[in-house]
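Just need the structure, nothing else, for what follows:
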Amino acid sequence: MAQGMKRLGTPIAALLGLALIALLATSWLINRDALRKAVEAQIRDVTGLELSVAGNIDIFVLPASYISFHDVGLKGGGTADPALHVDVLTANLRLLPLLLQRFEIADLTLLRPHIHVRLKRDGESNWTPFIQTIARTMKPGSDNQVSFSEIRIQDGVLNYEDVATNAIEKFEDIDLSLAWPSISRSFAATGQFDWRGERVDGSISIADFVAALSGDRSGLKARIASAPLKLAFDGSVANRTSPMMEGTLTIDSPSLRNALRWTGQPQPGSGGFGRFALKARANVVGASIALTNVNVELDGNTAEGVITYANNGRQTLQATLAADALDLTPYISTFRLLASGARDWNRQLFDLNGLSTTDLDMRLSAAKLTVGPTKLGRTAIGANLRNGTLALSVGEAQVYGGIAKGSFGISRSDTVADIKAQFQFTDVDLQACASELFGLNKLSGRGNINVSLLASGSSPFGLVQSLDGTATVTGHDGAIAGFNAEQLLKRLERRPLSGGGNFRNGSTPFDNLTIAVKFADGIATAEDIRIEGPSAKITLTGTASVPTREYDMKGVASLNTTSGFQLPFMVQGPWDDPLIFPDPEALIRQSPAASPFLDLLKQRITGGKRQAPEGSPTAENAKEGAKSN
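Numbers count the residues shown, from 1 in each chain. This next block holds a predicted model:
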């Protein structure tokens with residue numbers, strides 16, 4: 001065996017020696033000018049780009065076979081400026097053809113290329129001739145077949161310019177490897193680049209590169225991964241009359257707000273829009289995207305439905321989504337009507353920029369809905385945002401134990417928000433509804449509430465200063481906390497000047513409640529306020545200031561007895577803790593002993609003379625004084 005290996009090794013060594021001698025001879029005998037011209041011709045034939053070499057040209061055969069062009073410009077399509085400028089363009093050569101004095105490129109390496117892409121108004125770019133040439137040379141039977149199989153880009157820069165939209169983007173530190181389809185029909189590119197301060201890892205795979213370049217249908221897989229956003233697409237692509245894509249789209253982001261900021265999209269307010277995930281069937285035509293079979297997650301909320309997005313000069317979003325449970329608290333948490341920890345209205349100016357950037361048409365339904373402290377049952381909401389005007393409509397919502405319907409509109413005029421609201425609450429829990437909507441926690445029972453309001457301002461305080469409209473409340477089988485009208489009236493009927501005692505405790509039950517007020521410039525005027533209970537009746541007149549959140553009202557409370565005892569009273573002070581006290585003059589008049597003194601006091605104040613009535617304490621005192629004298 002040893003002798004056989006020795007006999008076999010001798011011819012192999014001889015062949016290697018001959019190959020080495022051939023390489024050495026080739027390095028001396030190679031026509032370097034012909035090599036340079038052949039490489040330039042292959043690049044021109046394959047890409048359609050003309051080389052303009054301003055620097056040195058290095059040719060090496062051993063130990064590696066390649067030719068390097070320094071300071072190279074490549075241009076085509078009749079453009080004066082080069083579409084591609086490369087510091088060093090290296091063409092690695094195939095060894096065996098080189099020994100036969102044939103010059104074939106194995107692969108290309110572009111060191112520090114500067115790529116310029118300019119999209120014209122007609123949709124074509126300065127790279128359109130290059131794409132057309134690639135498609136032509138890769139067709140079966142073409143004269144100039146693609147010879148090299150890979151292109152590597154190192155430390156590249158790409159400048160993108162869209163003439164129609166004036167958009168300019170810059171991609172830096174590009175490191176890409178392009179699998180050029182010299183044998184197979186597929187195309188693949190993998191690598192990394194920097195965009196807007198983030199490192200992006202991406203890959204793309206095209207099943208039939210020739211078909212894709214020709215505008216025919218071809219399979220497409222793409223993936224982009226960065227810190228703000230991850231995106232993947234698996235489907236097909238075509239470009240017959242306009243770019244078309246169809247397949248499965250997956251998007252994932254730890255913060256949708258940061259992802260929108262990174263991609264240059266407008267910011268939606270200042271609350272929520274954190275964790276985001278989406279998976280859907282996507283159909284892309286031009287600048288329009290239609291998503292079906294959508295499964296979307298945002299801030300812990302999950303929903304299913306369809307979404308359509310278009311960007312034809314103005315962004316438009318349409319969606320119909322359904323969910324089991326939604327929590328909208330994160331999106332209204334930064335909108336506070338009242339200043340934090342105070343009774344005053346919030347004076348912070350509204351941020352209305354989000355109303356002028358995107359058109360929105362959304363239909364949202366949920367079995368359970370949470371908005372701050374409010375818990376709603378089955379709810380259907382519609383939202384329409386167009387030309388800076390937002391309209392919200394509630395088709396039907398199960399809330400406060402009843403049903404709510406209504407609409408809310410807001411339009412922008414510079415920094416001023418114009419508000420219009422109309423809501424109807426049917427058979428709701430008055431305590432929960434009045435407390436959350438109006439800050440009134442003294443009312444209980446069940447009833448109906450109708451609200452129609454208009455306001456205009458640049459802050460919540462500005463809105464309440466201009467508040468106009470009407471509000472009505474009808475209730476039954478409830479109570480008003482803070483005082484017991486029946487107990488108070490009976491005590492004062494017996495002893496008018498005994499005082500109210502523990503006046504601000506207890507509650508006043510009612511069978512029927514009617515409240516009708518009218519708002520004008522932030523002042524609510526009572527038009528009809530009646531509280532009818534089993535033992536007492538109360539009527540109120542006066543006003544309530546919405547900006548200062550204070551009452552200034554008068555009322556009359558009466559017993560439902562044969563005596564019909566009546567007591568005027570006053571309600572003054574803040575909404576959350578008002579002062580309720582009887583009219584002192586009415587109490588004095590109700591006292592047989594004190595009433596004459598009130599008349600006498602008035603006479604003395606006015607300067608009149610009037611003798612005290614016979615039998616009064618004053619007359620008796622006068623008689624006693626005369627006897628003593």
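
give me the number of residues near residue 231?
17 (other CB atoms under 10 Å). Every residue, glycine included, has its C-beta placed from N, CA and C.

meant to ask about residue 366
23.

go on, residue 130?
So residue 130, with other CB under 10 Å, has 20 neighbours.

That one and residue 43, how far apart?
11 Å (CB to CB, to the nearest Å).

joint contacts of the two?
Counting by CB atoms under 8 Å, 6 or more residues apart in numbering, the contacts common to residue 130 and residue 43 are residue 49.

This structure: helices as residue ranges?
Counting by DSSP state H, the chain has helices at residues 2-29, 32-47, 95-99, 128-137, 209-213, 256-262, 329-332, 430-438, 460-465, 485-494, 584-590, 595-606, 617-628.

Show me what counts as buried in the shortest one.
Going back to what we said before, that points to helix 329-332. For helix 329-332, a neighbour-count test (16 or more other CB atoms under 10 Å) marks 330, 331 as buried.

next one: the fourth one
Judged by neighbour count using 16+ other CB under 10 Å, the buried positions of helix 128-137 are 128, 129, 130, 131, 132, 133, 134, 135, 137.

Out of the residues you listed, the closest to residue 111 would be?
Of all these, residue 111 sits closest to residue 130, with 19.9 Å by CB to CB.

What is the neighbour count of the residue nearest to that closest one when sequence neighbours are not counted?
Among residues not flanking residue 130 along the chain, residue 48 sits closest, at 5.2 Å (CB to CB, 6 or more residues apart in numbering). When neighbours are counted by other CB under 10 Å, residue 48 registers 20.

Next: residue 427.
For residue 427, the count of nearby residues is 12 (other CB under 10 Å).

For residue 515, see how far away the closest residue to it other than its chain neighbours is.
Of all residues beyond its chain neighbours, the one nearest residue 427 is residue 402 (4.1 Å), with distances taken as CB to CB, 6+ apart. Distance, residue 402 to residue 515, using CB to CB: 17 Å.

try residue 72
Noted for residue 72: a distance of 84 Å to residue 515, by CB to CB.

Looking at those two, which one has more neighbours?
residue 72 (23 against 20).

how about the more buried one, what does it touch?
Counting by CB under 8 Å, 6+ apart, residue 72 has contacts 51, 52, 53, 54, 55, 85, 86, 87, 88, 89.

any idea which of these has the most stuff around it?
Top of those by neighbour count (other CB under 10 Å): residue 86, with 25 neighbours.

mind listing what that residue touches?
Per CB under 8 Å, 6+ apart, neighbours of residue 86: 69, 72, 73, 74, 110, 111, 112, 113, 114.

can you put these in a markdown table and add pLDDT and distance to residue 346?
Shown next, in a markdown table, are the contacts of residue 86 (pLDDT from 0 to 100; distance: CB to CB, whole Å):
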| residue | pLDDT | distance to residue 346 |
| --- | --- | --- |
| 69 | 92 | 67 |
| 72 | 91 | 63 |
| 73 | 89 | 61 |
| 74 | 82 | 61 |
| 110 | 94 | 58 |
| 111 | 96 | 59 |
| 112 | 95 | 55 |
| 113 | 95 | 55 |
| 114 | 94 | 52 |
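
Just send those back as a markdown table, with distance to residue 170 too.
Converted to a markdown table, the contacts of residue 86 look like this (distance: CB to CB, whole Å):
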| residue | distance to residue 170 |
| --- | --- |
| 69 | 25 |
| 72 | 21 |
| 73 | 20 |
| 74 | 20 |
| 110 | 18 |
| 111 | 19 |
| 112 | 15 |
| 113 | 14 |
| 114 | 11 |
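
Can you tell me which of those residues are buried?
Those of these that meet the buried threshold are 69, 72, 73, 74, 110, 111, 113, 114, by 16+ other CB under 10 Å.

Need these in CSV (columns: distance to residue 493).
What follows is the buried ones among the contacts of residue 86, written out as CSV (distance: CB to CB, whole Å):
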residue, distance to residue 493
69, 111
72, 108
73, 106
74, 105
110, 102
111, 103
113, 99
114, 98
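
with the residues you listed in mind, which one is nearest to residue 453?
Taking the buried ones among the contacts of residue 86 together and measuring to residue 453 by CB to CB, the closest member is residue 114, at 60.2 Å.

who does the residue nearest to that closest one when sequence neighbours are not counted bridge with?
Once flanking residues are discounted, residue 114 sits nearest to residue 85: 4.5 Å by CB to CB, 6+ apart. Bridge pairing for residue 85 (DSSP bridges) gives the partners residue 73, residue 114.

Identify the residues contacting residue 85.
Per CB under 8 Å, 6+ apart, neighbours of residue 85: 72, 73, 74, 113, 114.

Please apply the same query to residue 384.
Contacts of residue 384 by CB under 8 Å, 6+ apart are 360, 361, 362, 390, 391, 392, 393.

Now the buried members of these.
Buried members of the contacts of residue 384, counted by 16+ other CB under 10 Å: 360, 362, 390, 391, 392, 393.

From those residues, which land in strands?
Among the buried ones among the contacts of residue 384, the ones falling in strands (DSSP state E) are 360, 362, 390, 391, 392, 393.

Pipe those residues into TSV and attach pLDDT and distance to residue 469 per row.
Shown next, in TSV, are those (pLDDT from 0 to 100; distance: CB to CB, whole Å):
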residue	pLDDT	distance to residue 469
360	88	26
362	92	27
390	86	19
391	90	17
392	89	17
393	93	18
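
looking at it, residue 572 is touching residue 550, isn't it?
Yes: at 7.5 Å, residue 572 counts as touching residue 550 under the criterion of CB atoms under 8 Å.

Please report how far the residue nearest to residue 114 lies from residue 74.
From residue 85 to residue 74 the distance is 7 Å (CB to CB).

rewinding a little: of the contacts of residue 384, which is the nearest to residue 259?
For the contacts of residue 384, the residue nearest residue 259 by CB to CB is residue 360; the value is 18.4 Å.

and the closest residue to the closest one other than its chain neighbours, what does it touch?
Sequence neighbours aside, residue 385 is the residue nearest to residue 360 in space, at 3.8 Å (criterion: CB to CB, 6+ apart). Contacts for residue 385 (CB under 8 Å, 6+ apart) come out as 355, 358, 359, 360, 361, 391.

can I assume the third one is in contact with residue 386?
Yes: counting by CB under 8 Å, residue 359 sits close enough to residue 386 to count as a contact (5.0 Å).

which residues of the stretch 501-629 of the chain fall in strands?
Per DSSP state E, counting those that start in this stretch, the stretch 501-629 of the chain carries strands over the ranges 507-520, 523-532, 536-545, 550-559, 566-574, 579-582.

Quick one: closest of the ones you listed to residue 474.
Going by CB to CB, the one of the strands of the stretch 501-629 of the chain nearest residue 474 is strand 507-520, 5.8 Å.

and that closest one, what does it pack onto?
strand 443-457, strand 468-481, strand 523-532, strand 536-545 (3 or more CB pairs under 8 Å, 6 or more residues apart in numbering; DSSP states H and E).

pLDDT added to the contacts of residue 72, as a markdown table?
Shown next, in a markdown table, are the contacts of residue 72 (pLDDT from 0 to 100):
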| residue | pLDDT |
| --- | --- |
| 51 | 83 |
| 52 | 85 |
| 53 | 87 |
| 54 | 89 |
| 55 | 90 |
| 85 | 92 |
| 86 | 94 |
| 87 | 95 |
| 88 | 96 |
| 89 | 94 |
